[in-house]
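Asker: Build me a structure from this.
(2 chains)
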Amino acid sequence: MKLIMAIIKPSRLDEVRKGLSSLGVAGMTASEVKGFGRQGGHTEIYRGAEYEIHFVPKVKIEVAVTDELAERVISTIRETANTDRIGDGKIFVFEIAQAIRIRTGETGADAL
Amino acid sequence: MSIHRQKISFAVFSAVSILAAPTSAFAQAAPAMNGADTAWIITATALVLFMTMPGLALFYGGLVRSRNLLSVLMHCSVICCVVSVLWLAIGYSLAFDNGGAAQAVIGGLGKSFLAGIGTQTLNGTIPEVVFFVFQMTFAIITPALIVGAYPERITFPGMLLFSALWLLVVYVPVCHWIWGGGWLADLGIMDFAGGLVVHLTAGTSAVVIAFMLGSRRGFPREVAPPHNPGYVMMGAAMLWVGWFGFNGGSALAANGAAGMAIAATHISAAAASLVWMAIEWRRHGKPSLVGFVTGTIAGLATVTPASGFIGPVGGLILGIVSAIVCYGAVQLIKQRLRIDDSLDVFAVHGVGGLTGTLLTAFLALPAFGGLGLAKGVSVGHQFGVQLLGAAATAAWAVVGSVAIVWVIRAITPIRVSEEDETEGLDITVHGERGYHI
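Answerer: Have a look, this model is predicted:
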């Protein structure tokens, strides 16, 4: 089982969700985060004074899937989150040691 | 709120006594209570209180970072309450009672706790108790304006002591000099609603305490931007509406003069907002909301001393001038002098009030649609009086503020620790969070 974590632009969240839905991915977790990479920060101006804003708002999504689905999930996220501009984000893949459904106690792939 | 009030009161008194007692037109009849005037001033009182609660509170609240929102709301609210009690106890009396031998500089204590003043006591054509509470709302907002100089780093006891002492040491005497029959009133100073009494005193003291307190950590490049520009606009809008009571109510009558003051006030606000927006649009490529509403406040503060003496065209001129002058002042104080008057109290209120006070001498002229200067007074003479009044007001504000900060430092710390400043005053001073994320 793989935990696929992607940091994406907030404006792409809906497209990513729709794309993963059509793959049959049953659920996902999204959180609001801030970060920077090559995009760097930006400057905001209030009353003529410049403020350096180092962090940019992003969304982090996490999807737990079976190994078979992982590659298609990754390519779907790449397609739907891409805007061809710096700041589109990154995908990280983690190995899941165990997964358990809280309500029923099911484990492994049955829990995903 | 000036010598003009006396002219208006006298006109009403004459009209009332002639109508009411045709055989005693020359008798010293007291003016009667005018219901329309009273209703308007009661309303204006509510409008001016609304400017602080919650207008100014929200305006300032949105400008600070999120971890300090509650502390700013507290400052404005607590100042409202402290000033109210002090005003009743001695503030009103020292400002407006006759000081006998000392009348030129300060009033007496004869009206402490409103002694001798009942529901029938009049001040002109309105009950004195209405005048008392109307003036109280001015006394409230003035120290509340200074909150913008020291947010995010002042201690709560320090803020309490500063505001209480400042009211009595700086505000009350200046109020007496200009509106309470003191020396500047005798010289014919024209400050209709508080360009000097409110804005220059608060603005000057703000830059002094900001300097003495020191800058926020990270000033100028690493401070946090306004956390809620939405609150800033909502607060500014409340201030705009409330200002109709501030300037319109200073006519102390429900008449054309009040209407004219409101018209000039509103036009100034509108013009200043647009000009500030245009400046930012040109310099930075984007018209910002925070800048736009800052222009609004600059226009309102600048027209305040002139509002009852000028026409709407005068208001238009003041609005345009105020945005340019105050925008420059913000850059001067923050960028060039590097003084962290955090919410630009001096640049907007101090400089605005000063500009309006000086230009009143010109814009009051009928050529600009104004109501005219006092009989026999030349523009040059009036300008000299305005300048003298401004200089005296600013000087007294500086001296008073420096002394007060020194006194406070001898008693209690006036600035919080670095850790508390980093954590935020809401949680460290007040034990609360404005937002639970």
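Asker: what's the burial count for the residue in chain B that chain A sits nearest to?
Answerer: Per CB to the nearest CB, residue B:225 is where chain B lies closest to chain A, at 4.3 Å. Any C-beta I mention is one placed from the backbone N, CA and C, and that applies to glycine too. Using other CB atoms under 10 Å in any protein chain shown, residue B:225 is surrounded by 18 other residues.
Asker: and if you look at the one 5 residues further on?
Answerer: Neighbouring residues of residue B:230 were enumerated by other CB under 10 Å; the total is 12.
Asker: Likewise for residue B:119?
Answerer: Neighbour number of residue B:119 under other CB under 10 Å is 9.
Asker: Helix, strand or coil: sort out it for me.
Answerer: On the three-state scheme (DSSP: H, G, I helix; E, B strand; the rest coil), residue B:119 is labelled coil.
Asker: State the distance from it to residue B:178.
Answerer: Note on residue B:119: its distance to residue B:178, by CB to CB, to the nearest Å, is 28 Å.
Asker: got it, and residue B:255?
Answerer: Distance from residue B:255 to residue B:178, by CB to CB: 22 Å.
Asker: from what I can see residue A:10 touches residue A:57, true?
Answerer: Yes. With contact defined as CB atoms under 8 Å, residue A:10 counts as touching residue A:57 (5.8 Å).
Asker: picking up where we left off before, helix, strand or coil for the residue of chain B closest to chain A?
Answerer: coil.
Asker: one step back: so between residue B:255 and residue B:178, which is more surrounded?
Answerer: Ranked by neighbour count (other CB under 10 Å), residue B:255 and residue B:178 place residue B:178 first, with 28 against 16.
Asker: Now name the helix or strand holding that one.
Answerer: Counting by DSSP states H and E, the element that carries residue B:178 is helix B:172-179.
Asker: Residue B:58: neighbour count?
Answerer: Counted with other CB under 10 Å, residues neighbouring residue B:58 total 25.
Asker: Model confidence score at it, please.
Answerer: Per-residue pLDDT puts residue B:58 at 98.
Asker: helices or strands next to the lengthiest helix in chain A in the packing?
Answerer: Assignment by DSSP state H gives helix A:67-81 as the longest helix of chain A. Secondary-structure packing of helix A:67-81 (3 or more CB pairs under 8 Å, 6 or more residues apart in numbering or on different chains; DSSP states H and E): strand A:2-8, helix A:13-23, strand A:56-65, strand A:89-95.
Asker: To chain B, which of these lies closest?
Answerer: Per CB to the nearest CB, nearest to chain B of the helices and strands packed on helix A:67-81: strand A:56-65, 13.4 Å.
Asker: Mutual contacts of residue A:10 and residue A:57, please.
Answerer: Listed as contacting both residue A:10 and residue A:57 by CB atoms under 8 Å, 6 or more residues apart in numbering or on different chains are residue A:32.
Asker: Report the beta-bridge partner residues of the residue in chain A positioned nearest to chain B.
Answerer: Minimum separation of chain A from chain B (CB to the nearest CB) falls at residue A:51, amounting to 4.3 Å. With DSSP bridges applied, residue A:51 shows beta-bridge pairing to residue A:44.
Asker: Flag every residue of the stretch 251-400 of chain B that's near chain A.
Answerer: B:280, B:283-284, B:286, B:288, B:290-291, B:294, B:327, B:330-331, B:334-335, B:344 (CB under 8 Å from any CB of the partner chain).
Asker: These in helices, which ones?
Answerer: Using DSSP H, the members of those that fall in helices are B:280, B:283-284, B:290-291, B:294, B:327, B:330.
Asker: Local confidence estimate at residue B:28?
Answerer: Note on residue B:28: pLDDT of 56.
Asker: wait, residue B:19
Answerer: If you check residue B:19, the pLDDT there is 42.
Asker: What lies in contact with the longest helix of chain A?
Answerer: A:1-2, A:4, A:6, A:8-9, A:12, A:15-16, A:18-20, A:23-25, A:61, A:63, A:65, A:88-89, A:91, A:93.
Asker: what about residue A:105, distance to residue A:3?
Answerer: 20 Å.
Asker: which of the two has more neighbours?
Answerer: Higher neighbour count among residue A:105 and residue A:3: residue A:3, with 17 against 9, using other CB under 10 Å.
Asker: what's near enough to touch the closest residue to the more buried one other than its chain neighbours?
Answerer: Once flanking residues are discounted, residue A:3 sits nearest to residue A:94: 4.2 Å by CB to CB, 6 or more residues apart in numbering or on different chains. Listed by CB under 8 Å, 6+ apart, the contact partners of residue A:94 are A:2-5.
Asker: now the strands for the stretch 101-250 of chain B?
Answerer: Here the stretch 101-250 of chain B has its strands, by DSSP state E, counting those that start in this stretch, at B:122-123, B:126-127.
Asker: a markdown table for those strands, including mean neighbour count, distance to residue A:101 and mean pLDDT?
Answerer: Shown next, in a markdown table, are those (neighbours: other CB atoms under 10 Å in any protein chain shown; distance: least, CB to CB, whole Å; pLDDT from 0 to 100):
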| stretch | mean neighbour count | distance to residue A:101 | mean pLDDT |
| --- | --- | --- | --- |
| strand B:122-123 | 19 | 77 | 97 |
| strand B:126-127 | 23 | 74 | 98 |
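Asker: Same list (the ones you listed) but as TSV, adding distance to residue B:420.
Answerer: Formatted as TSV, those follow (distance: least, CB to CB, whole Å):
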stretch	distance to residue B:420
strand B:122-123	46
strand B:126-127	47
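Asker: Quick one: residues contacting residue 44.
Answerer: Reading this off chain A. Per CB under 8 Å, 6+ apart, neighbours of residue A:44: A:50-51, A:53, B:225.
Asker: not what I meant, chain B
Answerer: Listed by CB under 8 Å, 6+ apart, the contact partners of residue B:44 are B:134, B:244-246, B:248-249.
Asker: go again using 7 Å as the cut-off
Answerer: Residues near residue B:44 by CB atoms under 7 Å, 6 or more residues apart in numbering or on different chains: B:134, B:245, B:248-249.
Asker: Which members of these are classed as buried?
Answerer: B:134, B:245, B:248-249 (16 or more other CB atoms under 10 Å in any protein chain shown).
Asker: Quick check: the farthest pair among those residues?
Answerer: Maximum pairwise distance in the buried ones among the contacts of residue B:44, criterion CB to CB, is 11.5 Å, between B:134 and B:248.
Asker: if we can go back for a sec, and of the strands of the stretch 101-250 of chain B, who's closest to residue B:339?
Answerer: Closest to residue B:339 of the strands of the stretch 101-250 of chain B is strand B:122-123 (CB to CB; 40.1 Å).
Asker: now that closest one, how far from the chain's geometric center?
Answerer: Mean-position distance between strand B:122-123 and its chain equals 23 Å (CA atoms, centre = their mean, to the nearest Å).
Asker: partners of it, with directions?
Answerer: strand B:126-127 (antiparallel).
Asker: Please compute how far the strand it pairs with lies from its chain's middle.
Answerer: Here strand B:126-127 is found 23 Å from its chain centre; the criterion is CA atoms, centre = their mean.
Asker: just stretch B:379-390 next, same as before
Answerer: The answer for stretch B:379-390 is 20 Å, by CA atoms, centre = their mean.
Asker: Only the buried residues of it, if you could.
Answerer: The neighbour-count check on stretch B:379-390 (16+ other CB under 10 Å) flags B:382-383, B:385-386, B:389-390 as buried.
Asker: same thing with stretch B:96-105?
Answerer: Taking 16+ other CB under 10 Å as the criterion, stretch B:96-105 shows B:96-97, B:99, B:103 as buried.
Asker: Columns distance to residue B:317 and secondary structure on top of these, output as a markdown table?
Answerer: Shown next, in a markdown table, are those (distance: CB to CB, whole Å; DSSP: H, G, I helix; E, B strand; the rest coil):
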| residue | distance to residue B:317 | secondary structure |
| --- | --- | --- |
| B:96 | 32 | helix |
| B:97 | 38 | coil |
| B:99 | 37 | coil |
| B:103 | 36 | coil |
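Asker: residues touching the closest residue to residue B:281 other than its chain neighbours, list them.
Answerer: Spatial nearest neighbour of residue B:281, excluding adjacent residues (CB to CB, 6+ apart): residue B:287 at 4.3 Å. Counting by CB under 7 Å, 6+ apart, residue B:287 touches B:277, B:280-281.
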